[in-house]
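Peer 1: Quick one: sequence plus predicted model below, questions after.
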Amino acid sequence: MSTEIHSKDGIPPGTEIFGYEIERLLGRGGMGNVYLAKQKSLDRQVALKVLHPQRLRNPAAVDSFLREARAAAQLGHANLVAVHDVQADPERKLYCYSMEYVQGITASRLVQTQGVLKRSQALHLIYQVAKALGHAHRHGMVHRDIKPDNILVTQNGSAKLLDLGLVRDRFEQSAETGSRVLSIVGTPEYSAPEQHRDPKQAVPASDVYSLGATLFFLFAGRPPFVGDTVIDLIVRVATEQLSYPNGVPSDCRKLLDLMLAKRPADRLYDGDAVVEALKGLAEGRQPSLHPDGFNDGGTTDLGDGDEDFEDAETEGDISATELPAQPQGESSRASARRPRVRRRRR
């Protein structure tokens, strides 16, 4: 088998690679296409991400694809899409990894079909993603591409974060000229200013910015900044003052200020800090940059006692429009105690 299995429309249904039978295309991305596939050995459906043939021109992109997929496979969290298996066959020039198949639609599609979300719905989704990010940040990983298209929403309102750390290098070698071509890591509408300048400088606070831009989108139906060109957009993200449309709840604007600050030092610094800010907001407290129990300079560690975001204000029903039916999961139970928060220096 060769790279000829790839066509302009992707890999045809019925094609088998690495013991996976392709059923249909689920989505296209910068690094590769994602297919619904059947894992024949276990008779189960999975989401299979296959590296684009064009990426094979850059050995660093291939290495990054495999390295980050294997690293993501080491993480286990209810709000992260689990990575099952990573496969590489250099002779056939095929590289892929399989993930759990989650029935749902993206947060972007949810807003497109149902309109902007209610405060409770939006905060509940962001809370779940912040917990997933906190888990990843405590394990030394930065996502670099948080956006509505990378958040899956299930029938019962659960959020699943996709594509952990699967980003390409900032510079790629041009096969024809050997020159170095600038490429963007992440999605400009949702990326932090420091990530635009140098993707290698992306830190947990950069993910917080992207998560804040996603929350803004859930409220407003658009990202915080837009531009006629990518350069125009990047300049606006770095220099323009944030303004809020009427659809953004007034009590959430302080939270967004702390997530969308221009400088990383002025932002909530990781996913766990966002979780704590959201809990405070649910209790009627204004978010602050350095809440009680947190010290500047590292990631938080909430331990195993983290509870769900249970305040009634955060539990919003998400319509089942375009969502496949699936059994409701067990209802969350509030913990009687708040988790003890401790800091861990990097």
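Peer 2: On my side now, so go ahead.

Peer 1: going forward, measure contacts between C-alpha atoms and count neighbours the same way
Peer 2: Noted.

Peer 1: Following the chain onward from the longest helix seen in the chain, which element is next?
Peer 2: For the chain, the longest helix by residue count, based on DSSP state H, is helix 119-138. Going down the chain from helix 119-138, the next helix or strand is strand 151-153, by DSSP states H and E.

Peer 1: Pull up the pairing partners for that next one, direction included.
Peer 2: Next to strand 151-153 in the sheet, as set by DSSP bridges, lie strand 105-106 (antiparallel), strand 159-161 (antiparallel).

Peer 1: Would you mind listing the buried residues in stretch 134-142?
Peer 2: 134-138, 141-142 (16 or more other CA atoms under 10 Å).

Peer 1: what mean pLDDT would you report for the longest helix of the chain?
Peer 2: Across helix 119-138, pLDDT averages out at 96.

Peer 1: for this protein, which spans come out with low pLDDT?
Peer 2: Low-confidence segments of the chain (pLDDT under 70): 1-4, 6-8, 164-186, 291-346.

Peer 1: Not counting sequence-adjacent ones, nearest residue to the residue nearest the centre of it?
Peer 2: Nearest to the mean C-alpha position of the chain, by CA atoms, centre = their mean, lies residue 146 at 3.7 Å. Of all residues not flanking residue 146 in the chain, residue 210 sits nearest, at 5.3 Å (CA to CA, 6 or more residues apart in numbering).

Peer 1: Surely that neighbour touches residue 193?
Peer 2: No: Residue 210 lies out of contact with residue 193 (CA atoms under 8 Å); the separation is 10.3 Å.

Peer 1: neighbour count winner among the two?
Peer 2: residue 210 (27 against 24; other CA atoms under 10 Å).

Peer 1: Could you pull out the helices in the chain for me?
Peer 2: 59-73, 107-114, 119-138, 193-197, 204-220, 230-239, 253-259, 271-282.

Peer 1: for those, which one ends up most surrounded?
Peer 2: Ranked by mean neighbour count under mean count of other CA atoms under 10 Å, the helices of the chain are led by helix 204-220, which reaches a mean of 27.

Peer 1: Which secondary structure elements does it sit against?
Peer 2: helix 119-138, helix 253-259, helix 271-282 (3 or more CA pairs under 8 Å, 6 or more residues apart in numbering; DSSP states H and E).

Peer 1: Which among the ones you listed is found nearest to residue 89?
Peer 2: helix 119-138 (28.3 Å; CA to CA).

Peer 1: Distance from the chain centre to the closest one, please.
Peer 2: Centre-to-centre, helix 119-138 and its host chain are 10 Å apart (CA atoms, centre = their mean, to the nearest Å).
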